[in-house]
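Participant: Need coordinates for the below:
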Amino acid sequence: MKWISYLAGLAGLITVIVLGCQQNWTEIGQALDHAGWALLWLLPFHAVPLGLDVMGWRALLRPSDPERRARFSFLFWVAAIREACNRLLPVANVGGELIGIHLVKRRGISGAATTASVLIEVLLTLLNQYAFTALGIVLLVCTQQATGSATTVMIALAASLPLPIGLVLLLRFGNLFSRIGEIAEKMFGGESKLAGLLDGAQLDSAVREQFHHPLRMAIAGGWQFAGFVVGSFETWLAVKLLGAPITIWDAVAVEAITQAVRHIIFFVPAGLGVQESGLLIFGHMIGLPADISMTLSLIKRLREILFGLPALLSWQWLERHQKNLPPERVAEAPEGA
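Facilitator: A predicted model of the protein is given here:
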């Protein structure tokens, strides 16, 4: 239902405009001038948390890729595309995962195994988000004695906790995709297009195989959580460059809770208005002036564009380049692409 995404995006854009009109743009300009070109260091720095996330994905995918067709450099490129799609395009945080599955399958890796690895990775991301947010709330309460808004976020997370728990149970025991295939077959009759695209029983088996290796999942989750924590240093570095005081603990707290709000309101494309509101509210709780919080949001948006746009363009170039290639040549795409 694209109209919901469009309406949410429009509401988010209006929120950004309203918040922007309330800011002192002279002070925002002065803060950016104070930081200068040093802000460009945020671009290569973002590769660190993204690389940690890729290490987790690679741990889940490695058993299905004994020939190492999907090396780290390739998965890093795919992860950059996934992130860019979810951050920059109106796909409600799911389009990037579908594109990632499509690109990895082109390397000749089993579609069921690839899809299972992405599903488990998304599940681990969800669980890590809860843990990271809990850490952020504890830090916020301990360092700032702020309980009002932090309590609201905690209540929202607690209310939504049945979602990841139910998802774990469905994926582990529910034969979810086999049931989806059966429902599609009953609805459309005979061999449905959905069943033709994906073997539900095979995918259920691949997902259960992942659950049979808890150590592998724990390692992947550990890499992901490390990526969450290291990513907080982007907030710390940006605020420091803007000339405002901030501790590492405050940066972790603000990053964790702002991400949680953005995940809760996931249906807003690119988190328009959600990120800006979150940074203004929780930035205020740690003593950041409103102009610094808004500048931080602008910097994050700019980094998303400058880091994600080349990934999206390279993906589109590859799609055009491979359109006329025979199927056996598709898996021979350059390693860096």
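
Participant: Spit out the contact partners of the nearest residue to Ala244 once chain neighbours are set aside.
Facilitator: Leaving out its chain neighbours, the residue that sits closest to Ala244 by CB to CB, 6 or more residues apart in numbering is Ile292, at 4.6 Å. Bear in mind the C-beta positions are built from the backbone N, C-alpha and C, glycine included. By CB atoms under 8 Å, 6 or more residues apart in numbering, Ile292 lies in contact with Ala31, Val239, Leu242, Ala244, Gly283.

Participant: would TSV of these with neighbour count, distance to Trp77 and pLDDT be doable?
Facilitator: Converted to TSV, these look like this (neighbours: other CB atoms under 10 Å; distance: CB to CB, whole Å; pLDDT from 0 to 100):
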residue	neighbour count	distance to Trp77	pLDDT
Ala31	22	33	86
Val239	26	30	93
Leu242	24	31	92
Ala244	19	34	89
Gly283	24	33	86
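
Participant: Just name the closest of the residues you listed to Gly166, please.
Facilitator: Among the contacts of Ile292, Gly283 lies closest to Gly166 (CB to CB), at 33.5 Å.

Participant: separation between Val16 and Glu255?
Facilitator: Distance, Val16 to Glu255, by CB to CB, to the nearest Å: 20 Å.

Participant: related to what we said a few turns ago, can you tell me the helix or strand for the residue nearest to Ala244?
Facilitator: Ile292 is part of helix 290-322 when elements are defined by DSSP states H and E.

Participant: Likewise for Val254?
Facilitator: Assigned by DSSP H and E, Val254 falls in helix 248-264.

Participant: residues in contact with stretch 87-105?
Facilitator: By CB under 8 Å, 6+ apart, the list of residues contacting stretch 87-105 reads 2, 5-6, 9, 61, 70, 75, 78-79, 81-86, 111, 114-115, 118, 122, 263, 266-267, 269-271, 304-305, 308-309, 312, 315.

Participant: Let's see the PyMOL selection covering just the buried ones among these.
Facilitator: Here is the PyMOL command that selects the buried residues among those (16 or more other CB atoms under 10 Å):
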select buried, resi 9+61+70+75+78+79+81+82+83+84+85+86+111+114+115+118+263+269+270+271+304+308+312+315
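
Participant: I'm done for today, thanks for sticking with me.
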